[in-house]
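Undergrad: got a predicted model here, sequence first, then my questions.
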Amino acid sequence: MAPDPTPESDGELAGRSWSVADLHAAISGVLDEVFGSEVWVEGEITKVFTSKLGHTYITLSDPDTTGGQPPILEVTLWKYQRADIQQRLREAGGAVELAEGVRVRLAGSLGTYAVRSQLQLKMTDLDPAFTLGVLGQERARVLEALKQEGLLGRNAGVPLAVLPLRVALITSVGSAAHADALHELERWQVPFTVLQLHSSTQGQAAPPELIAALRTAADLDVDVVLLVRGGGAATDLAAFDDEQLARTIAGLSVPVVTGIGHEVDHSIADDVAHTTRKTPTAAAAFLGERAADALARFDDLAAAIVGTALDRLDSSDRRLHRASQRLAVCSERALTVAEGRTAESWRRVTQGVRRRLERTDERLRSLESRRMAVDPAVALARGWSITRAPDGSVVRDPSVLGVGDELVTTVAVGTIRSTVSGTDTTSTTTTGGTT
């Protein structure tokens, strides 16, 4: 029992020497007298740890303190008290859990922890409605801010590929949500390329890690981001109500598909995403169905193209056959006409050539007659002769000869050689003989 300081005067207290244990006992007594056996405290859990013995140690701080180190209060939840607290959480539908970053309203008795010389709250009760109310108020504030800035539908306006094959999967790698999403994508037998980005999905570290993963995905040239997490308490999913995370999703240049929690869960991340589904499996199925439908349409289109091409080839073949038949008929007719024209042309040419040959033959006969008229052999046969001087020239003037010149006279059947004994230049006219 702590000593009662009230009967002593201020002077007695000021001059009294205390043992450390008595001082702690006195302070605990004062705290109990001032605050009673139970006091309610509001704050944000910044650290939570459960020992091997089953005791839970919580560090509580004021979330609104700006600048410097915030004041803290150490809270201890003894193992024998945990069953009562867990029952209260179950009565609240399991929506609240004691985790880092959660705003809580706790009840307990104040005292000192003499071993560490610190103020301590021994936790005895919890108000889940307070935590849910804080979460709801903050969620409403963030949604209103995003709505006023036109961010709620921004990512929904980013075009989603008809065939989204490059997928950035953001989740806690190794979790059930991670396994469910991968299994569902594989089930569709679509050639997905899945780039897996690990991130915490609850606690104070989750929002910055999720934001970093989203920004990394945007730089990876993916078709879509698949952001998933399994179910849990409302406090477990609080990271997905973070304002900066919501702004990052809204401003992303890649469409984001979310599957966060179970059927009844809904987060601000769902409100700003391009598409949301109730669970990780449903979100992955959305992508699988979209890709499978696109591939089926491509197959149908390819089959239609092949069918159209075959029909057109068949039609072209029929037109070509008819054209070839018409061409054969036309060619036969053209050949018949051409043959007739050729025969007529040949007849005309033949007649022309014949007439020209006849005219040429007549001219040749005329020329032959003229040639015969001047042919020396004909003249010789009529009795004419040709006398040549020694130099072989025809003698036409006796005066060019001298006495003793040898002459050669050609007659029809031979030659006569003679010697000039004299000449006479008297002109004579004869009808034959030798000159």
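TA: Received, thanks.
Undergrad: low-confidence stretches in the stretch 51-200 of the chain?
TA: 64-67, 92-95 (pLDDT under 70).
Undergrad: strands of that one, residue ranges please.
TA: 56-61, 72-77, 103-113, 118-126, 166-171, 193-198 (DSSP state E, counting those that start in this stretch).
Undergrad: repeat for the stretch 201-350 of the chain
TA: 224-229, 256-260, 275-277.
Undergrad: quick check: domain ranges of this structure?
TA: According to automatic domain parsing, the chain comprises the domains 37-126, 152-292, 375-435.
Undergrad: closest to Arg333 out of those domains?
TA: domain 152-292 (57.4 Å; C-beta to C-beta). Heads up, the C-betas are built off the backbone N, CA and C, glycines and all.
Undergrad: coming back round to it: include mean pLDDT when you put the strands of the stretch 201-350 of the chain into TSV, please.
TA: Putting these into TSV (pLDDT from 0 to 100) gives the following:
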stretch	mean pLDDT
strand 224-229	97
strand 256-260	97
strand 275-277	96
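Undergrad: dump those into CSV; add distance to Leu169 and mean neighbour count as well.
TA: CSV is the format used below for the strands of the stretch 201-350 of the chain (distance: least, C-beta to C-beta, whole Å; neighbours: other C-beta atoms under 10 Å):
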stretch, distance to Leu169, mean neighbour count
strand 224-229, 5, 28
strand 256-260, 10, 27
strand 275-277, 14, 20
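Undergrad: redo these as a markdown table? Include distance to Asp125.
TA: What follows is these, written out as a markdown table (distance: least, C-beta to C-beta, whole Å):
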| stretch | distance to Asp125 |
| --- | --- |
| strand 224-229 | 30 |
| strand 256-260 | 31 |
| strand 275-277 | 36 |
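Undergrad: and of those, who's closest to Asp299?
TA: Of the strands of the stretch 201-350 of the chain, nearest to Asp299 by C-beta to C-beta is strand 224-229, at 21.8 Å.
Undergrad: that closest one - contacts with which helices or strands?
TA: strand 166-171, helix 176-187, helix 206-218, strand 256-260, helix 280-374 (3 or more C-beta pairs under 8 Å, 6 or more residues apart in numbering; DSSP states H and E).
Undergrad: would CSV of the domains of the chain with distance to Arg348 be doable?
TA: Formatted as CSV, the domains of the chain follow (distance: least, C-beta to C-beta, whole Å):
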stretch, distance to Arg348
domain 37-126, 114
domain 152-292, 75
domain 375-435, 39
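Undergrad: please identify the deepest-packed of these.
TA: Comparing those by mean neighbour count (mean count of other C-beta atoms under 10 Å), domain 152-292 comes out on top with a mean of 20.
Undergrad: first-to-last residue distance for that one?
TA: 29 Å (C-alpha to C-alpha, to the nearest Å).
Undergrad: buried residues in whatever helix or strand Val34 lives in?
TA: Element membership for Val34, per DSSP states H and E: helix 20-35. Buried residues in helix 20-35, counting neighbours by 16 or more other C-beta atoms under 10 Å, are found at Leu23, His24, Ala25, Ala26, Ile27, Ser28, Gly29, Leu31.
Undergrad: which residues touch Met19?
TA: No Met there; residue 19 is Ser. The contact partners of Ser19, by C-beta atoms under 8 Å, 6 or more residues apart in numbering, come to none.
Undergrad: how close does it get to Val190?
TA: Going from Ser19 to Val190 by C-beta to C-beta, to the nearest Å gives 75 Å.
Undergrad: what do you get for Arg371?
TA: Relative to Val190, and taking C-beta to C-beta, Arg371 is found at 107 Å.
Undergrad: what's the answer for Ala273, then?
TA: 21 Å.
Undergrad: can you list the strands of the stretch 51-200 of the chain in JSON lines and add distance to Leu364?
TA: Output for the strands of the stretch 51-200 of the chain, formatted as JSON lines (distance: least, C-beta to C-beta, whole Å):
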{"stretch": "strand 56-61", "distance to Leu364": "140"}
{"stretch": "strand 72-77", "distance to Leu364": "143"}
{"stretch": "strand 103-113", "distance to Leu364": "136"}
{"stretch": "strand 118-126", "distance to Leu364": "144"}
{"stretch": "strand 166-171", "distance to Leu364": "99"}
{"stretch": "strand 193-198", "distance to Leu364": "99"}
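Undergrad: closest one to Asp299 among the domains of the chain?
TA: The minimum distance between Asp299 and those falls on domain 152-292, with 10.5 Å, by C-beta to C-beta.
Undergrad: so how far is the closest one off the chain centroid?
TA: Relative to the centre of its chain, domain 152-292 is centred 21 Å away, using C-alpha atoms, centre = their mean, to the nearest Å.
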